[in-house]
Structures are given as C-alpha cells and as structure tokens.
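Q: could you work out the structure for the sequence below:
(chains A and B)
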Amino acid sequence: MSVTLDIKLKRANKVYHEGPIPLISSSIEVAKAGKIPGGKTEIPFEFPLISKGNKVLYETYHGVFVNIQYTLRCDLKRPLLAKDLSRSCEFIVHSQPQKSKIVPTPVKFSITPETLQNVRERSQLPLFLIRGHLDATSCVISQPLTGEVQVDKSDVPIKSIELQLVRVETCGCAEGYARDATEIQNIQIAEGDVGHGMPIPVHMVFPRLFTCPTLETTNFKVEFEINVVVILQDDHLITENFPLKLCRV
Amino acid sequence: MASVQWRSRGRNYEAELQRCHPEGLPVEFGDYHPLKPIMVTDTKTRRGARKGSTSSSSSSSSSAPVDPLSSMLDGTDPLSMFAATETSAAASHSSSVGDLGRKRRVKEEEALGADFEPWSTKRGEILARFTTTEKLSINLCMGSDRGKAPNPGSSAVSEKVRTRLEELDDLEEGSHRELLNLSQQDYANRIEELNQSLKEAWSSDQKVKALKIVIQCSKLLSDTSVIQFYPSKFVLITDILDTFGRLVYDRIWTMCSDPRPLPDSFTVEDVNDTAKETCLNWFFKIASIRELLPRLYVEAAILKCNRFLSKSGIQETLPRLTAMIRGMGDPLVAAYARAYLCRVGMEVAPHLKESLNANVFDLLATFRQISGDSVQKQLHLQKVEVPAYLMLYSPAINWILQCVAYRAPEPLLTEMMERCKMMANNALLLNSIMRAFRPEFVATRATDFIGMIKDCDESGFPKHLLYGSLGRSLACADPPESERLTILNEAWKVITKVRNPQDYMNCAEIWVEFTCRHFAKREVNTVLADIIKHMTPDRAFEEAYPQLQSVIRKILTYFHDFSVLFSMERFLPFLDMFQKDSVRVEVCKSIMEVFIKHQLELTRDPVILNAMLHICKTMHDSVNALTLEDEKRSLALLIIGFIRMVSFGRDFEQQLSFCVEARATFCNLEPVLVQLIHTVNQLAMETRMVMKGNHSRKTAAFVRACAAYCFITIPSLSSIFSRLHLYLLSGQVALANQCLSQADAFLKAAVSVLPEVPRSISVEGKLRSSESFLLDFINNFLATLLVVPDHPEHGVLYLVRGLLNMVQDYTWEDNSDAKVRIYISALPLLAAMSQETYLYSIHKVDSNETLYGGDPKFLSEINKLCETLIGQILDHLKTLTRDEQSMRRQSALAFSLFGVLLAHGDLKNNKLSQLSINLWNLSHKHGHSETRVSIRTLESIRHQAQRPDMAHLSDTIQRLALQSRT
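A: Got it, this is the predicted structure:
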C-alpha cells in the first residue's frame, strides 16, 4: 500500500505577512498519533509567523547571492516498518507596509555628449540633447516608475530608448564585499527615429517576482537602479543611471 | 356505322339564358374565410398548463391540476415529460449564454449608435485597396531575440535570468520561424493560421503560448518593408488582437459568472478575487513585454479587462497608451497604432473623448516626420512615390477623425479645421477631415474648403483627391444654394486639368452626382462633354468602364424625364464610349430599366423614340448564338417594355409603320415579335372601336394592312404554339374587322400548321407532352369556327372538315384518347351550327346561320358529319377492353359522349336515345364510373325532364340504371 502526503496551502497565492510578535520558529503537531483512515484525509492547520530571537523576518527574496525563503515542512511519522513521509513547500512573506508616506521628489536629467563619462573618443560622438525627468526615485513597489524623456536634438537618428531595471546585491564576507548586478527587466519606450521635442512617457511596472523593497542589513544589501538607455542608429549607446529606493506603502 | 343517327337538339339560347339566370342571392360574410390566417388560440394556454403539471408531477401532492385528464397523461407519459424538461433546460441554457452574449453586444452597439460606421465596413475596403505583388515575409522569432537584439546591459546580466525573462517572448524554445517569399494571399493565410493556432492554444489552456502568438504577431507591425501593404497587414493582425482581447475578457468574465452570470453593468465589487488576480496577472505579463509595439498593442487589445480591476482603469489607461505611442519613431506605424487605440477606445468607452483628441494632436505633431530623412530614405529604398506613401495614411487618419468627429460638437470640428489651416493646410489631413467629418459640416463650409484646397501645397498629395473627397461629401449634403454654381465651377476647373485619365475619371465620377443633384440639363451636358473629351484620346475609356457606368447610373437617378435626358446633346455620344459589348449592353439595360420604371405616359416624342430605338437595337444586336436564354428573355422584356410605351395616339398608320420598323430591328428576339403582333392586332381593334365597327374604305384597307402584317410576321416565329395562338387570335381580329378572306387565311394557316406540332415540347426547360396544349388549342379553335362563315368557293364546313382531317392524320401518342376527345368536343360545335340562331355572332359578319338559313341540306351535312364522328368514337371505345387501364378510359370516354348526347343530341330520336343508354351502361359496366357524378347526372336529367319540351327524358331516365353498390 502506498501512501502519499501532500501539503496544500489553503490559498497558494496568498501572501502571508510577517506577524507582530517575534518568537522562535517552531513546529506544531497537526494530528495526534493514531490511525488515519484510508482515502484522502485533510487536516487544517494554522501557524503564527514568529521570528527567532532578535532576528528580523525579511521579505521573501530570491536572488543570486541572497536568498530569503520560507518553507513549511510536514513530517508524517510512521511505525517501524514503514518509511516516514515528508513534504515541504515554500510560502511567500511580504513585510508589513511601512506607515510612512513617501513624498515624491522628481529628478531631472539632461544628457549631452559633455555629460557623459566613460567615453573613449569624445570627438567622434554625434551631437545630441536628451532631456527628461523621473517623477520619483523613491518608489512604491506596487506603483509604476514614471517620468518622461524627450529628444530635443540628435544628429544621428535614435534607434531605441530603453529602461533597464537593475538589481544590485552586495554581500559582506571574509574577503570583503561581493557585488552582483542583474538586469531584471528591460523595457523599450521608444523605437526608431522618434519625433524631436515630444515627451515620451517613462513607465515601468516593477516585476513582482524580481523586486522587493530595498534592503540594507549588516550582512547584505539588495538595491535597485534604473538605466535610461539610448541607442543611436550608429549603435552608440548612451546610458544614464539612477539609483532607486523601493518600498512598500 | 349506319346504325348511328344524329339529330341535334333544337336550342333556344335566349330562353335557356333566362332560365339559368341566377337570382341575386345575398352573400353572407361569416367569420370564416379560407384565406384568413389560421389562428389557433388555445394552444398556448394548453402548453402552459401542461408545463405546470409537469413540474408538479415530481412533487405529487402539490396543487390540484386544472385538467385532470391532461395532468394524468403528463404524469404517466415519460416521453413528453422528458421532452418538456429538455426544452426548458435548453431554453434556460441558451438564455444564460446566448442571450447574455447578445445583450452584451447590443449594449455595446447602443453605446455607439448605428450612425457610427463600424470598423468592419472598413476592413474589406482596406484589404482590397492596399495590395502588393511584392514578396512578403513573416519573421516570427518564437525562439528568442537573443542573438538579434544585442542587449545594452548584457554584460551585467546573467544568462540564467535572461532566459527566464525571455521565456515570455518565446513561443517554443528555439523555434525561430522566418517565412520568406510569401505572396499577399499566402501572407493572409499564414496570419489566419496564426489566428487559428491562437484559438487552439487558448482552448487547450496554453494561455502563455496564446500570449506569445499575439506578441509575435503584433511585432510584425513594426516591420515596414513592402510598405504599400502595411494597411492591409494592420487589418489582418489587428483581427488576431481582437480575437485575443475577446478571449481574455470572456475568460475572466466567466470566472466571475459562477454561480450567477455577471450582469452587464457589473462593478469592480462584483468581481471575485481569483478573477481579479488572473486579470492582474495578464496586465503584469503584458507590462513586462520588452518591445514597445507589442506591449502597446496587446495592452490595448485587453483594454476592456480594466473593468474587472477598477472603475477608472480605462480612463487612466487610455491617456497613458496614447502618450506611449509617441515613442514610435515611424510615423506610419504610429498612425496605425493610434487608429487601433481609437478603435478599441471607441468600442470600450466611447464617452472618453479626450484621448481621441490627444491622438489627433499627437498625430498632427508627427506630420513633419514624414518629410524627415528617415522616411524619405525608406521611400527611396522601397521605390515608393510620396503621394502613394501618403495614401497609406488615409485609412488610419480617416478612422481616427471619424472617431473624433462622431457626435462631436461643431466647435471641435471647427478647431480641427483651424489646426489644419495652421499646419499650412496639410493636404493629407484636409483630405481626411473632409472624409471623416459629417457631410453636412463639410457642405456648409464647402467654399472654405475650396479655399483651403487651393492653398494646399501641390507636392505630395494630389489635389484631385482632395476634390474627390469634397465631392463625396457634397454628394450627400447640400451646400448653401447661392454657392453651388461657384463650387461646381471651382471644382471642375481643377478636375478638368487632371491629366491622368484614371485620376480624372475617379474624380469626375464623384462630381457628376453633385452636378445632377443641383443643376439641370445644360450643366450635366457640359460635364458629359468634358468627360468625353478626356476619355476619348487613346481610348482611355476602356480602362474606366465602372466609373463611366456609375456616371450613367447617377444621371439616371436624377433625370427621369427621358425627353430631357435624350435632348442632352452629349448623352448618346457618351454612351458610344461603352465599346465593350458586355458593358454596352449592361448600360443599355440599366437605362431601359429606369425607362420602364419611370416613363409612365405613352410617348411619341421622336427624341425619345430615336434614342430608345438606338438603345434597344444595341441590346438586340448583342444577341448571338451564345447568348443564354435568360439573357435573351430579359433583353426581350426590356424591349417589350419600350414598345408598349410607344403610342402615336390616333395616328394609327404611324404606329403601324413603327411596328414595321421595330420588326425589322428586333427580328432576333421572338418575344418582341410576339409583342409586335399583339400591338398590331390591338391597333386593328382600336381602329374598329374608333369606327364603331363600321369601317370606311380607308380604315378597312388599314385593318387589312394590319392583318397582312401579322400574317407575314407569324411564320417567322419558331415556337409552334406561339404561331398557332397568334394565327387564331389574328384570325379572330380579322373576323372582327370583317376581313373574311384574311380570317380564312389565318385559320387555314393554323390548320395547316397543326401537323407540325411535335409530340413533346420544352416547357420551362423540361420536356413535356404537347398533347394537353394541343387539345386546349383545338377546343379554342372549334369555338371560333362557329362564327366563321363558309368560303363560297369551298365546300360546306370546309374548315371544320379540314381541322378534323388534320386531327385524324396527326400522329397521336400511342394509347391516347386525344383524337377521340377532340371528336367528342366537335359534336357540340356541330350541334351549335345546326341551330337556327347561333349562340354568338360577330357584328357585321354573316355566319353560316344566315348563309344557309337552316337549309336541310346543310343540316344533313352536319348530321352526317356527326354520325361519322360518333362512329369513330364508338369504334375506339370497342378497342378499349384489353386491361383494367383501358377499361377505365373506356368508361370515362363513354360517359363524356353520353354527356354530349344528353346536352346536344335530340334524344326524342329513339336511336340516339338508345345509344345514350348504351353508353351509360357501358360507362358503368366495369365499375369505373364515379358514383357521385352519376347520381348528380341523374338528378340533373330528372330536373330537366320536368320541362315540357324535355319530357321524353323521363323515359330515358327509367332506363338509366345506377350501378348497384355491393
């Protein structure tokens, strides 16, 4: 006779929030020893989310260096001759929204050949003037990043304008710091030789699975940046970088 | 057969008529009328009762049924119960799905109103107009665009994450498909295949694959190679997007429809969390699409789904998407994206006008890009001329402006016009404004528009197109009366300068409508002259038949007075431009149709007659050996319609000579000849009427001429029955007009034609026996013969004998009684001929009654003839004994002969009386007689026997035994 054991979260897509009282992680007995009748048996359970000691419960996060994961394991102990059964599954934790209100601070920018760094031969650069602004760099994670870009002048036609969302993980370890930047989303906002003087909207929805509130702890950091990337038709690549601060409100 | 002896019964027709005269009996109009629609009123209630009892039968102790019988039946009849539940279930099911769907659709349409010309009407037009012979390609990089688009931040991105991100863009990993060298049709087919695979993927729950297909398809819209095909491509691909939008919306809608379907006017609160989450997921997925174009199109496609998430969703999304289009560098691509957004916006939220306006303003802002380097370079590369390129914009701009102009207040339209002026009268925009705005709006400002057209920059957009658009508006709305002539002059000044005949014609055709609508013969004539001048050189008209035909159609719509129409000098020369036979005939037909419909009075106007004869001759001359029967018939009908409208009033000779001319002209169409013969016969009768039956020498000569006309025309007909009937008819007419020798000739001709009648003729394409037609004709013929006086040079009853001889010699069908039936019908004629006074006669024609005055010799001739006939009939009866079938025939024939004897024979004569009794017995011998008829016959005889002069019948009746019923 085969027995399978399955954990089913009542609502798999429900986001479980961190509870208010910090305590150690614990296990509970969902069913007393005894005989489980044949067929399907469903046992309801409930679990308070309590952190261990003075640790903080961070949001679920899957990164390259940093992984914050919460799992639930269920063990079914069985008599001597049968193997114990075990099954585990992940559940997602979002931190409680912060009460504080963010006042958006717009950031203006203007890109010309002169403002660029990391240029090999400045003399070969075509002339251009690209202006714009981001409505805020402190962003609410559930709200899109917005702003405008406007090409005022460009000797070489534009090929594409893109928004690149980059996540930077920094890890402290014995040898110093490890830093890893990952592009997590790239969105084209302009294609081809766009009309000059027309504000082009910047609009990016933060991808749910790859973003989390900006995190800074003693051991590691998860930060986000946005690059406004302008590619000219002669394949010149112009990038303007803005650090972002993401939070949940 | 000397044993048979015939004596006709003497008749007093006058007295008989008196006797038979029915007394006026009031007719009661009851409720019943056989033609009243049958109305069964009680079924409904019965059905209702039954239904009720069906439902109650499950819970047996419920309320007492109204009709115990029916309820019992229902309860015990499982079949009807089953059927009842099934239909009700089906009804409720269909109402839940179909009705709601319909309601939803209806509501959407209501929001827009029927006066909004829907996209569906534009689709076909665009597909037909923007075509290409160049090879197309579909580049579906379902694999990934990894290799293709070097990513700016590639250095920083780990391959793993990239793959994960791009999974969305992939259809099947690594299935990069590039289809090259597609013809336009192939292309459309491929797109349709994609549409199908989208539906399949969706129905097999592969939602991600479906999304990928849509993304890849919308990417195709950023490809502007083979640019002249772009509008059609847009149509094809947006079809797919529409499908997708519908699928997503319906899916989410059904997610909320458990257990009850979501009402049409649902709000966010009615949507459950799962549905919201699913909907949100779609938007997240779409928001992460890398490329701009697909991200825009796909989000626009599911715009309606915002209703599930928030009340203001659509209102917030539309402006964002509108602004997003600014990122599209190619002005054509952007214009079409705007058209799509406006379309979706109009469908989902027609009240949100701001975005529509914003789209127009953004569109205007991109106009200068058209003259920019990027576009020009592309045009040069693809070898596309600027005017042709600009035309590619018109469907998109027309559509956008149509959306904006829909129920828009005048000030907005005026503002648009002002903006157009500000943009140095951009011709492209001006054109679209004239196309999209209400014709009334354009018409009232027609003079303004003409000014603007004048100011327009000539390069790029040809002016005749502008005038074409203006003309189209003016064709359905009227400019102020005082300006009309100026408008026409201004417009025509430009149109007449258009060099390319095709362009000229397209524009001229539109303006013909305006001209016809507001001006008279003179102006239209001028326009026609101008068209002729332009289209004649190099036979340019050959390429423009549809437009030229349309010109004729428009003129015919407004000019119904044909004397005016044909007095236009250039009208017939205009017709001469239709030199291709098929088109020419079609045009003539259309003119004839209008003529027949609108020419209500008879005419003798030489202008009309000449022109019409010319037109009809054209139609007639198109008939050749290959012409289909149907075509011939319709042509003939039209020509006949014309002939009937011709009347020279009292000038009968003129009319006859017209018929002579017409006969020469239309000799190939038999129905026309038939009509002409009828016309001439009618002419003769009219002459007779005018002369009140007393012809003068002149009119006598004229009616003889008419007879001569008919006599020489009839033989040219191929249809034998037409000939027979016309001979008879013309004979009757000749007789009525006292043309005895002509009448004789007609009737003789008819008799001599009889042997030619084939045994079977084609009736409506089917081969049928001619016998019944022939019998009909001969009976009719016999009736006429009563009044035809014998020819002095021929023997007694020359024509009757001639006819009977023909009947005898004719090769009748085997096993047919036709011959004998004719003999039986000849007996009443002969009986009628032996009366002192004939049943009917013709004014001023002496029939045999007067000629012979009851001469015993004449009577004995008749009797001899009758006896011969009866002998023949009896001989025939004797042969009918072989089988059941022939005995049945024997019975019927015997009974008919009995009837004739009874009615027309003098049964005082013993032999005749005996014969009739024998015939009665013969007809009843084998039990094939109809008892009911026999009884009625006996009753009738009994009734007749009561009259003193018929008393002898009571003896006969004693001997008529009714068949005993066993």
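
Q: what about the strands in chain B?
A: B:136-141, B:176-182, B:760-763, B:766-769 (DSSP state E).

Q: isn't B:Cys709 right up against B:Leu656?
A: Actually, residue B:709 is Tyr rather than Cys. Yes - under the criterion of CB atoms under 8 Å, B:Tyr709 makes contact with B:Leu656 at 6.8 Å. C-beta here means a position set from N, CA and C on the backbone, and glycine is covered the same way.

Q: between these two, what contacts are shared?
A: Common neighbours of B:Tyr709 and B:Leu656, using CB atoms under 8 Å, 6 or more residues apart in numbering or on different chains, are B:Val680.

Q: contacting residues for B:Gln655?
A: Counting by CB under 8 Å, 6+ apart, B:Gln655 has contacts B:646-648, B:679, B:683.

Q: let's see that with 7 Å instead.
A: Contacts for B:Gln655 (CB atoms under 7 Å, 6 or more residues apart in numbering or on different chains) come out as B:647-648, B:683.

Q: what does the pLDDT read for it?
A: B:Gln655 is assigned 93 on the pLDDT scale.

Q: same check, this time on the one 3 residues further on
A: Residue-level confidence at B:Phe658 comes out at 94, pLDDT.

Q: run a quick neighbour tally on it.
A: Neighbour count for B:Phe658, taken as other CB atoms under 10 Å in any protein chain shown: 21.

Q: what's the closest non-adjacent residue to it?
A: Computed as CB to CB, 6 or more residues apart in numbering or on different chains, the closest residue to B:Phe658 that is not its neighbour in sequence is B:Val646, at 6.1 Å.

Q: and the one you found, what are its bridge partners?
A: Taking DSSP bridges as the rule, B:Val646 bridges to B:Thr603.

Q: do you know how far it is from chain A?
A: Counting by CB to the nearest CB, to the nearest Å, the gap from B:Val646 to chain A is 70 Å.

Q: residues contacting that residue?
A: Counted by CB under 7 Å, 6+ apart, B:Val646 has contacts B:602-604, B:609, B:658.

Q: B:Arg959: which of those is nearest?
A: Nearest to B:Arg959 among those is B:Leu602, at 64.1 Å by CB to CB.

Q: the closest one: neighbour count?
A: By other CB under 10 Å, the residues close to B:Leu602 number 11.

Q: what is the burial count for B:Met577?
A: 23.

Q: now swap in B:Arg522 and tell me
A: B:Arg522, neighbours per other CB under 10 Å, totals 9.

Q: leaving out chain neighbours, which residue sits closest to the residue in chain A that chain B sits nearest to?
A: Closest to chain B within chain A is A:Gly192: 2.4 Å, counting by CB to the nearest CB. Closest residue to A:Gly192 apart from its sequence neighbours, by CB to CB, 6+ apart: B:Gly329 at 2.4 Å.

Q: who touches that neighbour in this structure?
A: Contacts for B:Gly329 (CB under 7 Å, 6+ apart) come out as A:158, A:190-194.

Q: which of these tops the neighbour count?
A: Neighbour-wise, the contacts of B:Gly329 (other CB under 10 Å) top out at A:Val194, 28 neighbours.

Q: hmm, that one is touching A:Ile200, no?
A: Yes - using CB atoms under 7 Å, A:Val194 is in contact with A:Ile200, at 6.4 Å.

Q: which neighbours do those two share?
A: B:326-327.

Q: what is the neighbour count of residue 119?
A: With no chain named, the answer covers chain A. The burial count for A:Val119: 13, using other CB under 10 Å.

Q: oops, chain B please
A: B:Trp119 - counted by other CB under 10 Å - has 21 other residues nearby.

Q: how far away is it from chain A?
A: 25 Å.

Q: thank you kindly, that will do.
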